[in-house]
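Undergrad: Quick one, structure for this:
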Amino acid sequence: MADSERFSAPGCWAACTRFWRTRKGILLFAEIILCLVILICFSASTPGYSSLSVIEMVLAAVFFVIYMCDLHTKIQFINWPWSDFLRTIIAAILYLITSIVVLVDRRNNSTIVAGVLGLLATFLFGYDAYFTFPLRQQRHTAAPTDPADGPV
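TA: Residues are numbered from 1 along each chain as shown. Purely as a prediction, here's the structure:
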């Protein structure tokens, strides 16, 4: 029964898989994977810093599902572009601070790897923030004007 329902709606599956090929889909998927790798490195060396990776991985997964299922068009009471921009810019700043602190500390090799990957995450989240900046996405068109002499 469940298989027949799943295959009876090919438009839903196509809409979900279509998002994976967009720039935003690739960025969110890369953020999830990079946060997972950083979480593993932090857990092996300094578990105190792993909460940032867990929170950012969960938030990236939530936004991935929201955009993939096209829920951002159905749920209108949240401004999704600004929410996503704030998520990415805060993540970039926090990863930068955490990476600098971890790289200065240099306890072991996994801490250094986590710090370097944290700097990579800083650039990835910053790149995502740059492309999701809501004011950058708005297109301005010229307003129609009437002739100065009046109607002809």
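
Undergrad: Can you tell me the centre-most residue of this structure?
TA: The chain has Leu28 as the residue nearest its centroid, 4.4 Å off, counting by Cα atoms, centre = their mean.

Undergrad: Please look at that one and Phe63 and confirm they touch.
TA: Yes - contact criterion Cβ atoms under 8 Å: Leu28 and Phe63 qualify, at 6.0 Å. (C-beta placed from N, C-alpha, C; glycine too.)

Undergrad: re earlier: which stretch of helix or strand covers the residue nearest to the centre of the chain?
TA: Assessed by DSSP states H and E, Leu28 sits inside helix 23-45.

Undergrad: That helix - contacts with which helices or strands?
TA: helix 10-20, helix 50-68, helix 109-132 (3 or more Cβ pairs under 8 Å, 6 or more residues apart in numbering; DSSP states H and E).

Undergrad: Now do the top helix by length along the chain: which elements does it pack against?
TA: In the chain, assigned by DSSP state H, the helix with the most residues is helix 80-105. Using 3+ Cβ pairs under 8 Å, 6+ apart as the contact test, the elements touching helix 80-105 are helix 50-68, helix 109-132, helix 134-137.

Undergrad: Tell me the buried residues in that helix?
TA: Residues 80, 83-85, 87-89, 91-92, 94-96, 98-99, 102 are the ones in helix 80-105 that count as buried (16 or more other Cβ atoms under 10 Å).

Undergrad: Just the angle for that helix relative to helix 109-132, thanks.
TA: Interaxial angle, helix 80-105 versus helix 109-132 (axes from the mean of the first three to the mean of the last three Cα atoms, to 10 degrees): 150 degrees.

Undergrad: quick one: Val113 from Asp70, how far?
TA: 37 Å (Cβ to Cβ, to the nearest Å).

Undergrad: closest to Phe42 out of the helices and strands packed on helix 23-45?
TA: Phe42 lies closest to helix 50-68 among the helices and strands packed on helix 23-45, at 4.1 Å (Cβ to Cβ).

Undergrad: relative to helix 109-132, how tilted is the closest one?
TA: Inter-element angle recorded for helix 50-68 and helix 109-132: 30 degrees (by the same axes, to 10 degrees).
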